[in-house]
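**Student:** can't give you the sequence, but here's the structure:
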């Protein structure tokens, strides 16, 4: 069974399967389906903003929506009368709506690392630079770093 309104269909199937496996968890399934239906109806009422808000709760006529920023909250506040009237027409007894700004940090799915590839002429130039710098205490760390870089890129 797919929980409509969820953004990831495979995750939805996994969640409903998990909820059905245990008697205590199975009692949460109707509530999860109800929240998913409400999320779907909110999305249909406000398609332009649907991807930017999530239903957090719906208790005693108070609908609480999560939004990612105050700018989205300001846009959504202008649309609240339309949202409430649409939800009332669909059978949801919404008396008021609260917005909660919940900023989440977007993490990249994978961190890409690359190894610096230097052509042999560049490695030769680093070796020459390391040999040509004056042997002074101020240059010691720099010369050592340049020689380590050249040796590492040569493979030894």
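**Tutor:** It's in. Here the structure is a predicted model, which means the values were calculated and not measured.
**Student:** among the helices and strands of the chain, which has the poorest mean pLDDT?
**Tutor:** Least confident helix or strand, the chain: helix 9-21 with a mean of 66, by mean pLDDT, DSSP states H and E.
**Student:** after it comes which helix or strand?
**Tutor:** Counting by DSSP states H and E, the element after helix 9-21 in chain order, helix or strand, is helix 23-26.
**Student:** Following element in sequence after that following helix, please.
**Tutor:** Note on helix 23-26: by DSSP H and E, the next helix or strand toward the C-terminus is helix 29-45.
**Student:** After that next one, which helix or strand is next?
**Tutor:** The helix or strand immediately downstream of helix 29-45 is strand 54-59, counting by DSSP H and E.
**Student:** between the helix or strand just after that following strand and strand 54-59, how many degrees?
**Tutor:** Next along the chain after strand 54-59, taking DSSP H and E as the criterion, comes strand 62-67. With axes from the mean of the first three to the mean of the last three Cα atoms, to 10 degrees defining the directions, strand 62-67 sits at 160 degrees from strand 54-59.
**Student:** Tell me which residues of the helix ranked longest in the chain come out buried.
**Tutor:** When the chain is parsed with DSSP state H, its longest helix is helix 70-89. Neighbour counts over helix 70-89 (16 or more other Cβ atoms under 10 Å) mark 72, 73, 75, 76, 80, 83, 84, 86, 87 as buried. C-betas here are computed from N, CA, C, even on glycine.
**Student:** again with stretch 52-59
**Tutor:** 52, 53, 54, 55, 58.
**Student:** ok, of the residues you listed, which one's closest to residue 102?
**Tutor:** Minimum distance to residue 102 across the buried residues of stretch 52-59 is 8.4 Å, recorded for residue 54 (Cβ to Cβ).
**Student:** quick one, what contacts the nearest residue to residue 86 once chain neighbours are set aside?
**Tutor:** Nearest non-adjacent residue to residue 86, counting by Cβ to Cβ, 6 or more residues apart in numbering: residue 45, 3.8 Å away. Taking Cβ atoms under 8 Å, 6 or more residues apart in numbering, we find residue 45 in contact with 82, 83, 86, 87.
**Student:** domain parsing for the protein?
**Tutor:** The chain breaks down by automatic domain parsing into domains covering 9-101, 120-154.
**Student:** just the ones you listed: most buried one?
**Tutor:** Across these, averaging neighbours per residue (mean count of other Cβ atoms under 10 Å) puts domain 9-101 on top, at a mean of 15.
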